[in-house]
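# Got a predicted model here, sequence first, then my questions.
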Amino acid sequence: MTLPLDLAPDVADALAQNRPVVALESTIISHGMPYPQNVETARAVEAAVRAEGATPATIAVLEGRAKIGLSDEDLNRLAAPGAEIEKLSRANLPACLARGGDGATTVAATMILAHLAGIQVFATGGIGGVHKGAETSFDISADLTELADTPVAVVCAGAKAILDIPKTLEVLETLGVPVTTYGQDAFPAFWSRHSTETSPARADSTNEIAATIAMRRSLGLKGGHLIANPIPETDEIPSEALLPLIAQATEEAQTQGIDGPRVTPFLLSRLFELTEGRSLTANIALVLNNARLGARIAADLANLR
């Protein structure tokens, strides 16, 4: 069976000539931000990757085709208010492709399609992880098991602060996923530069990160590499200001009976309200920061090849 995989001409050309390419997810466009900030951010992130000398490859499923690199028309389609765009992870990606549907890729689905296209580096906002109370709800993101299976390096701003970060790091360790924080010892917490957890490893150069990724490939080890990139200091919301708001939003979700896949969107929406928009501003800044770092890592990997 032929894979329904369409590479944009600039992405195919860059891969063929061993030039750096950075995969980008599309859930942040269709489900992560309001319009028009979503499409403006998508274009700004692609521009940030290009400014670092790499080719951006935003990934989505449109009319049953896995698109590796999107046109302006595609971005507008994903970003349009009221658009019926499915949120795709490993479990529902095949069904969406088979029935000819439209879908935005999460971290897990983006990793799968990036690997099929031959892209080694993916920049996103923050990964999913172990939700608070997972010892009874068993609510653990598929992002973690994807990192254990799929050989794509993921650059993020750490795990979202609404998650149980110690348990998220514990699961990643159990799964054998290397976690490296860029430029500091503390593992970042998305909107905040520091969580209470020390990162399993630290790197102060992109060359070091690229060399480690390449060595894992040479050893034949499966799975990816998580690179945590702290949000710039000028854009962060310090954890001491953010944690009480997260606790308030979490309590509201429990009171209203919001559970399962509805929890994260509810918490992000409430934090936007409680921070008077600062959470969205920080989110945009960290995604741009991750795109730039991802492009530099991809360039170093291309040089090693």
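Received the coordinates, thanks.
# tell me the contacts of the most centrally placed residue in the chain?
Using CA atoms, centre = their mean, the residue of the chain that lies closest to the mean C-alpha position is T124, 2.9 Å off. Contact analysis of T124 by CB atoms under 8 Å, 6 or more residues apart in numbering lists 24-25, 28, 107, 110, 154-156, 287, 290. In this view, the C-beta of every residue, glycine as well, is placed from N, C-alpha and C.
# And it, how far from I29?
Distance of T124 to I29, given as CB to CB, to the nearest Å: 12 Å.
# picking that back up, among the contacts of T124, which lie within strands?
Of the contacts of T124, the ones assigned to strands by DSSP state E are 24, 154-156.
# that older thread, turn the contacts of T124 into TSV, including distance to L75 and neighbour count.
Output for the contacts of T124, formatted as TSV (distance: CB to CB, whole Å; neighbours: other CB atoms under 10 Å):
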residue	distance to L75	neighbour count
L24	11	28
E25	13	30
I28	11	24
V107	19	25
T110	15	33
V154	22	27
V155	21	26
C156	21	25
V287	15	27
N290	18	28
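# T145: which of these is nearest?
Closest approach to T145 among the contacts of T124 (CB to CB): V107, at 11.1 Å.
# roughly how far apart are the closest one and E276?
For V107 relative to E276 (CB to CB), the value is 28 Å.
# Now for the nearest residue to L304 once chain neighbours are set aside, how many residues are close by?
Leaving aside its sequence neighbours, L304 sits nearest to A214 (CB to CB, 6 or more residues apart in numbering; 5.0 Å). Counted with other CB atoms under 10 Å, the neighbours of A214 add up to 15.
# got it, and A98?
10.
# gap between it and I227?
Taken as CB to CB, the span from A98 to I227 is 33 Å.
# How far off centre is the helix or strand bottoming out on mean pLDDT in the chain?
Sorted by mean pLDDT, DSSP states H and E, the helices and strands of the chain end with helix 134-137, the least confident at a mean of 84. Helix 134-137 has its C-alpha centroid displaced from the chain centroid by 24 Å (CA atoms, centre = their mean, to the nearest Å).
# Can you tell me which helices and strands the longest helix anywhere in the chain packs against?
Longest helix in the chain by number of residues, with DSSP state H as the criterion: helix 278-304. Helix 278-304 is packed against strand 21-24, helix 37-51, strand 121-123, strand 153-156, helix 206-219, helix 263-274, with contacts defined by 3 or more CB pairs under 8 Å, 6 or more residues apart in numbering; DSSP states H and E.
# possible to save those as TSV with mean pLDDT and distance to L78?
Below are the helices and strands packed on helix 278-304 laid out as TSV (pLDDT from 0 to 100; distance: least, CB to CB, whole Å):
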stretch	mean pLDDT	distance to L78
strand 21-24	98	12
helix 37-51	97	8
strand 121-123	98	17
strand 153-156	98	20
helix 206-219	97	29
helix 263-274	88	16
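# now, which of the contacts of T124 sits nearest P94?
When the contacts of T124 are compared against P94 (criterion: CB to CB), the nearest one is T110, at 15.0 Å.
# Could you measure from the residue nearest to the closest one when sequence neighbours are not counted over to G82?
Using CB to CB, 6+ apart and skipping residues adjacent in sequence, the residue nearest T110 is E25, 4.3 Å away. For E25, the distance to G82 equals 21 Å [CB to CB].
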